[in-house]
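**Student:** Predicted model and sequence follow; I will ask about them next.
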Amino acid sequence: MKLHLNQLATLFYTSRHHGHTLAFQSRFLLARDWETKGSRLQRLSTMAPSSTPSTPTRIGVSLDTHTTAYQPRYIDIGINLADPIFRGRYHGKQRHPDDLKSVIRRAQEVGCTKLIVTGSSFKSSRDALKLADEFPGTVYTTAGIHPCSSSIFSVTHKRHHEEDEDHTEEEQHTPACGADPDKPIPDGLSVSEEKTTKIIKDLEALVKSSPPTSLVAFGEFGLDYDRLHYCPREIQLHSFAAQLQLAASLKPQLPLFLHSRAAHADFVRLLKEAFGPRLERLEKGGVVHSFTGTVEEMRELMSLGLYIGINGCSFKTAENCAVVKEIELDRLMVETDGPWCEVRPSHEGWKYLLPAKPAALEVGSVSDPSVTPSHGPDSTKQGGKRQGKKNQKKEPEVADRFKVVKKEKWEEGAMIKGRNEPCTIERVAKIVAGIKGVSVQEVCEAAWANTVKVFGLES
């Protein structure tokens, strides 16, 4: 018995509109109840969700006419919403209206209903707490001193940390996620024990005075040897060790929100010094966010019970993607790290956002079943013909869910070009799914469960 494409379409149409006819026609379809991957009928079945391709797949039309498609849900574990860019300010100048509420609304529209705002300095931590108060149940926060903000521990730092409130807007921007090895490393910085005592005391007071329903992690803190121009190695090591000592002393402890770039050996050594050789004294666990290290480094972190946070920076190269492939789902979290770390067409992981190539169709055949069709907001807009006009804009390779404009041409409801937002977390999940060869649902549900468990969020 051969089933042609139009016959299968009739069956799917019937399933929606004629329940009694469905019962009769579904028996016809199920006469060949089990098919393997190589058959023509199995290739047709790839139009609908299926089980793992290497196993036999049950072919047929669901008798449940009330089944709805899976609605993804996300928690962005690392979003710098306290950055003035989300208030329309760029390098000290107001370029467009404050659109933070629209940013959060877009996140919610894609299913990203919880946002953990990163505290990377005293000011950003305080600002994040204000956001959590403004958006309860949606926004949560961390509090700590980022390695790139750790020059406050030095003798010659020109500002005491309490003067954060008086910084210019330019100085309040969170550091971009990319390495910049060509910038000069500052000389002559040495640790100030007097400042350290004051900083740690004030950080402890900030943590203990914050509502536990808002402040869900200690950090962001760690080591970053890719960006020593912000803070030299010696000061970073001191900052990390001092904050680890504080984190270990808290009663109760908080989960750790960790940062490690090109510093794995020192990073792990200091963690073990604070919490034991197996991190057995780390009560609430932690996540190493925005991970870009090697497979071996990632495996060691997982063996210590830590989780791995993935964003656009985790997909830049084939080596990065090979690391993502090896992350165990029960150790995965997802994030955007906006306004930075967006997924770009130059990234190796971008190809997992591209739609399947259209079929060259004979009746009863479809495109290569090894290529997963792309649906929804990330699908490419159709239109393979060449543009007739020279100045006509080329359709994007991967369509945007929301309109994107330059900041100079801001309009209500539009995203800003180059400003990454939490709504793009759906792309992160889709790329992870493509790399690992699993469904987006598996990625979303695993990341959701892990995040709720570690940070104690309401599911």
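**Tutor:** Now that the structure is in, tell me what you want to look at. Not measured: the values here are computed from a predicted model. Numbers count the residues shown, from 1 in each chain.

**Student:** residue ranges with poor pLDDT in the stretch 1-150 of the chain?
**Tutor:** 1-67 (pLDDT under 70).

**Student:** Spell out the residue ranges of the strands in it.
**Tutor:** Along the stretch 1-150 of the chain, counting by DSSP state E, counting those that start in this stretch, strands occupy 34-35, 57-58, 74-79, 89-90, 93-94, 112-117, 139-143.

**Student:** Throw the ones you listed into TSV and include mean neighbour count, thanks.
**Tutor:** C-betas here are computed from N, CA, C, even on glycine. As requested, those are exported to TSV (neighbours: other Cβ atoms under 10 Å):
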stretch	mean neighbour count
strand 34-35	14
strand 57-58	16
strand 74-79	28
strand 89-90	18
strand 93-94	11
strand 112-117	25
strand 139-143	26
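
**Student:** Residue 341: which of those is closest?
**Tutor:** Closest approach to residue 341 among the strands of the stretch 1-150 of the chain is made by strand 74-79 (8.7 Å; Cβ to Cβ).

**Student:** Return the list of strands paired to the closest one, each annotated with direction.
**Tutor:** Sheet pairing of strand 74-79 (DSSP bridges) gives strand 112-117 (parallel).

**Student:** Now do the strand it pairs with and strand 139-143, the angle between them.
**Tutor:** 20 degrees (axes from the mean of the first three to the mean of the last three Cα atoms, to 10 degrees).

**Student:** right, and residue 97 touches residue 88 too?
**Tutor:** Yes: in this structure residue 97 lies within contact range of residue 88 using Cβ atoms under 8 Å: 5.5 Å.

**Student:** Could you chop this protein up by domain?
**Tutor:** The record's domain parsing of the chain by automatic domain parsing lists 1-34+58-65, 74-347+438-455.

**Student:** Quick check: which of these is buried the most?
**Tutor:** Neighbour counts (mean count of other Cβ atoms under 10 Å) averaged over each of the domains of the chain peak at domain 74-347+438-455, with a mean of 19.

**Student:** hang on, the earlier thing: any chance of the strands of the stretch 1-150 of the chain in CSV with distance to residue 212 as columns?
**Tutor:** Below are these laid out as CSV (distance: least, Cβ to Cβ, whole Å):
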stretch, distance to residue 212
strand 34-35, 53
strand 57-58, 47
strand 74-79, 17
strand 89-90, 31
strand 93-94, 35
strand 112-117, 14
strand 139-143, 10
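
**Student:** for the ones you listed, which one sits closest to residue 315?
**Tutor:** Shortest distance between residue 315 and the strands of the stretch 1-150 of the chain, using Cβ to Cβ, is found for strand 74-79: 15.2 Å.

**Student:** Relative to the whole chain's centre, how far out is the closest one?
**Tutor:** Offset of strand 74-79 from its chain centre (Cα atoms, centre = their mean, to the nearest Å): 6 Å.

**Student:** which residues are in contact with it?
**Tutor:** Here strand 74-79 makes contact (Cβ atoms under 8 Å, 6 or more residues apart in numbering) with 107, 110-118, 220, 257, 287, 289-290, 309, 311, 333-338, 422, 425-426, 429, 444, 447-448, 451-452, 455, 457.

**Student:** The strands of the stretch 1-150 of the chain: which one's closest to residue 409?
**Tutor:** strand 89-90 (14.0 Å).

**Student:** Direction included, what does that closest one pair against?
**Tutor:** The pairing partners recorded for strand 89-90 under DSSP bridges are strand 93-94 (antiparallel).

**Student:** just to revisit the earlier point, now the domains of the chain in a markdown table, with distance to residue 406?
**Tutor:** A markdown table is the format used below for these (distance: least, Cβ to Cβ, whole Å):
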| stretch | distance to residue 406 |
| --- | --- |
| domain 1-34+58-65 | 43 |
| domain 74-347+438-455 | 10 |
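
**Student:** Looking at those domains, which is nearest to residue 356?
**Tutor:** Residue 356 sits nearest to domain 74-347+438-455 of all the domains of the chain, at 15.0 Å, using Cβ to Cβ.

**Student:** Identify the residue spatially nearest to residue 223, adjacent ones excluded.
**Tutor:** Taking Cβ to Cβ, 6 or more residues apart in numbering, and ignoring the residues beside it in sequence, residue 223 has residue 263 as its nearest neighbour in space, at 3.7 Å.

**Student:** Looking at the contacts of strand 74-79, which are in strands?
**Tutor:** Among the contacts of strand 74-79, the ones falling in strands (DSSP state E) are 112, 113, 114, 115, 116, 117, 220, 257, 287, 309, 333, 334.
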